[in-house]
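Peer 1: Sequence plus predicted model, see below.
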Amino acid sequence: MSLSLQARGLRKVFNRRVIFDQVGFEIREGQTLLVTGRNGSGKSTLVKIVSRVLTPSAGTFSLTMNGTSVSELHWSGAIGLVSPYLQLYDEFSARENLLLAMTMRGCRADKGRIETLLQKVALVSRADDPVRTFSSGMKQRVKYAFALVHQPPVLILDEPMANLDGEGVALVRRLMDDQRRSGLLIVATNDLTDVASYDLRVDLHYGSGDEPLSPDPRYEGLPKTAGVTPEAGQPRHAIDPRIAGDPLTAEDPRNGGHSRIGGQSMNAAEAATGEQEGSIEPAAAPGEQGGAKGRSRTVDAGKQQGGEARVHSRESGAGPWVRSVGAIFRKDWESELRTRYAISALLMFVVTTISIILFSLGSEGARAEVLSGMLWVVIFFSAMSGLSRTFVMEEERGTSMTLQLVARPSAVYFGKLLFNLVLVTGLDVLTVGLYALFINGFVIKTASIFILAVGLGGVGFAAASTIIAAIIARASTKGTLYPVLSFPILLPLLLTVINATRLASDGAFLEEAYGEFQILISYIVVVTAVSILVFDYVWKD
Amino acid sequence: MKESTSVFDFLNQQPLYVVLTVALVVWLGIFSYLLRLEGRLKKLERRHSSSA
Amino acid sequence: MGARLLLGLWLTLVTILALTLPMVPHPVHWYDLPIIPGLEEKARIIFFHVPTAWLSALAFVMGMIYGVRYLRSRNPDDDLKSASSAGLGFLFCFLATVTGAIWAKFSWGTFWNWDPRETSIFVLLLIYGAYFALRSAVEVEEKRAALSAVYSIIAAATMPFFLFIMPRILASLHPEPLLNAQGKVHMNPTMLVVFLSSLAGFTALYFWMFNLHVRSRRLELANPQHEGEHLRV
């Protein structure tokens, strides 16, 4: 198997501030890349870009396996990332998190693999406790298992030793050695203890005046392969030249290190083909329960076939995608059952608004027309209280990136849509039930129109509110912004369902409401189609 | 004196001309504002391109 | 500069013609405008009201197109143009709403009565408002640009539904002198010429304003330390 990762001319701009520019490198199977640079130089940004959770402002990179380049859609299957800002799903146990890491990627659940990994990171005894109760060092270990669950050909570690004790450090060293043998390893850190074990280095210094690391003796024997070519005198925080009108000075990022790469990768590749997995020998963690059992079965079948099997197994049809959607939906659903954020908000809103209507009507009641409009007022505001949770929760817990890393955007969208669809259906049933029970004068004469209107209206509500929720989750004033952005988008839907409800309470024939249904159906189709087209831009930074 | 009363008389009989006057004043105000903005911008752009 | 002065002259002339040409029941002379029954002199507002409504729609579409271009190019200049069109669109949308409401007060007796056209322009105002609320709530500029582009695309996709929904809910009283439901043109050639000249003049004015706005924003972004100073005249 041949494996290589190339990056060329990478550039990232935040708020028109250039973080880095013209970063390039090329690593082959068996090689390791060290990314260095002081705080704020963009190490983590580079790591996120290579993991495809951030989009570069310019530049390209590609991963080639056996001569074919890995497409963006299969990227999550090829990359494993461990980093301090990658959050786990707190309310789930370590074991559940690993299962999620597998299924959300679209892989089949493989219990054996999960047990192996738990043993490797010495967490079997606590595997069923919620990650929330873990210490930061234990979380770091779970993250390793999370990243390795699909046997990624490329392993990226950002500050790999963060929060680890001596035992943990030894464990991570072993994992890194394993990865060196079977794939690519990229490490971003300023911890220089193992500097000699890396083949290549990217140094992210922008600007030439201040470079304390460059002649650093600790980098003895480690050539600077790539990186940044500071244009003399250019300010650190340059303004985006596309606005300022300065020409971009391009240059070839790959320098003399290139020929060296060839020679080295041969050696590394030979080493790798030798004994693939023999020495993944267990993280022989002292005091680990069930360690002996683990040692005997550390070598699992999948890995021995090497990387080909890993990636090709996920390229078959829609199966992985459907699994991924299902996993995301189940995750949200399970999480909701445990935290009850959205459900309790929805329930309380429905009860509150209906009682306000009851108080304001007093004993007089109102015309059926007014009441059918009021029903949708209740549904609209209740929906606005709960439907954004699914995205806002990810953002607030910091798990958006985890999800970006493991699942395709379209799978995320449909998983969340499905979840909101279930919430809206529950909301509709609850609201209509309470409304019919408590509000006098609310009569539906044509049940078929009403049921269709509520059903189609619910789907439309879910479709529009899901994409708006994805947008507001990335903004700063999430709660108030949600109804503000949703209302103009939902208004065509609201007017139509109100009209249909009015027809239903007037006792119109089903045929008279066909026009409404046509509008509702085309609204659902249009909003869903547009959402799929634009979701990538909302979801990925 | 006589001249101005006749203008007022005229405007009294033809309210449309009041509308016209107001509309023209508003339009010419906006127009001269935009012209001045244009001039200022040109100056700033020249200064910016010569300094950069 | 010449083109700008020509525009100034052009719109001055249009204003004078729009407000002075006589309206008669049966146009005889080339300069006569027809009287539209029920509107009379109040019909003259179409020379100003319709162009503002047209520009608010044009600016909306242009903002969306620049938004799409931003998403493809990631060029901050496209976002700047998108935001500039939205800003001008909001201005013209507001003008169309105000002129429409004043006219409605004299023709229908109330400033606002949820006529389908009024509802549509109200929704457009809401969308512009939501667009700017969103922009002010996102700190990272690249993210702000992408999110607001996406929002304008979604809004543009749902706006057309009003065309189908409104007639089902309310019958419109809004006059359609240009082309009514029967396909009958109420305007005579003179009126049409003045109307189209006004439309053309207003459109040129919009592009001039758009150009000024974009250029001043560019200067602001190029010199962040004097943010906002340039526009103080």
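Peer 2: Nice, I can see it.

Peer 1: okay, CA-based contacts and neighbour counts for the rest of this
Peer 2: Will do.

Peer 1: max-length helix in chain B?
Peer 2: Using DSSP state H to define each element, chain B has its longest helix at helix B:15-51.

Peer 1: could you check whether it is close to chain A?
Peer 2: No. Contact of helix B:15-51 with chain A (Cα under 8 Å from any Cα of the partner chain) is absent, the minimum separation being 9.6 Å.

Peer 1: who does that helix touch, helix- and strand-wise?
Peer 2: Counting contacts by 3 or more Cα pairs under 8 Å, 6 or more residues apart in numbering or on different chains; DSSP states H and E, helix B:15-51 packs against helix C:2-20, helix C:189-222.

Peer 1: try 10 Å
Peer 2: helix B:2-13, helix C:2-20, helix C:189-222 (3 or more Cα pairs under 10 Å, 6 or more residues apart in numbering or on different chains; DSSP states H and E).

Peer 1: List the contacts of the second one.
Peer 2: Right, the one you point to is helix C:2-20. Helix C:2-20 has contacts (Cα atoms under 10 Å, 6 or more residues apart in numbering or on different chains) with B:16-21, B:23-25, B:27-28, B:30-32, B:34-35, B:38, C:1, C:31, C:33, C:41, C:44-48, C:191, C:193-202, C:204-205, C:208.

Peer 1: Residue A:374: which of the helices and strands packed on helix B:15-51 is closest?
Peer 2: helix C:189-222 (41.6 Å; Cα to Cα).

Peer 1: pLDDT of the closest one, averaged?
Peer 2: For helix C:189-222, the mean pLDDT works out to 90.

Peer 1: And for stretch C:9-22?
Peer 2: For stretch C:9-22, the mean per-residue pLDDT is 87.

Peer 1: Run the chain-centre distance for it.
Peer 2: Computed by Cα atoms, centre = their mean, to the nearest Å, the chain-centroid distance of stretch C:9-22 equals 20 Å.

Peer 1: Give me the buried positions along that stretch.
Peer 2: By neighbour count with 16 or more other Cα atoms under 10 Å in any protein chain shown, stretch C:9-22 contains the buried residues C:10, C:11, C:12, C:13, C:14, C:15, C:16, C:17, C:18, C:19.

Peer 1: between the helices and strands packed on helix B:15-51, which one is nearest to residue C:113?
Peer 2: Per Cα to Cα, nearest to residue C:113 of these: helix C:189-222, 26.5 Å.

Peer 1: for the closest one, packing partners?
Peer 2: Using 3+ Cα pairs under 10 Å, 6+ apart, helix C:189-222 sits against helix A:241-244, helix B:15-51, helix C:2-20, strand C:33-34, helix C:46-73, helix C:76-107.

Peer 1: Mind giving me the packing neighbours of the shortest one?
Peer 2: The contact analysis (3+ Cα pairs under 10 Å, 6+ apart) places strand C:33-34 against strand C:23-24, helix C:189-222.

Peer 1: Same list (these) but as JSON lines, adding distance to residue B:48 and mean neighbour count.
Peer 2: JSON lines is the format used below for the helices and strands packed on strand C:33-34 (distance: least, Cα to Cα, whole Å; neighbours: other Cα atoms under 10 Å in any protein chain shown):
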{"stretch": "strand C:23-24", "distance to residue B:48": "53", "mean neighbour count": "17"}
{"stretch": "helix C:189-222", "distance to residue B:48": "8", "mean neighbour count": "18"}
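
Peer 1: Closest to the centroid, which residue in chain B?
Peer 2: residue B:28 (2.1 Å; Cα atoms, centre = their mean).

Peer 1: For residue C:144, which non-adjacent residue is spatially closest?
Peer 2: In this structure, residue C:144 finds its nearest non-sequential neighbour in residue C:138, 5.2 Å apart by Cα to Cα, 6 or more residues apart in numbering or on different chains.

Peer 1: Number of residues surrounding that neighbour?
Peer 2: Counted with other Cα atoms under 10 Å in any protein chain shown, residues neighbouring residue C:138 total 20.

Peer 1: And for the one 4 residues further on?
Peer 2: Residue C:142: 21 surrounding residues under other Cα under 10 Å.

Peer 1: circling back: give me the secondary structure label for the residue nearest to residue C:144.
Peer 2: Three-state assignment for residue C:138 (DSSP: H, G, I helix; E, B strand; the rest coil): coil.

Peer 1: so it sits right up against residue C:131, yeah?
Peer 2: No. Between residue C:138 and residue C:131 there is no contact, the gap being 11.3 Å when judged by Cα atoms under 10 Å.

Peer 1: Give me the common contacts of those two.
Peer 2: Common neighbours of residue C:138 and residue C:131 (Cα under 10 Å, 6+ apart) are C:147, C:148.

Peer 1: mind checking which helix or strand of chain C has the lowest mean pLDDT?
Peer 2: helix C:161-169 (a mean of 75; mean pLDDT, DSSP states H and E).
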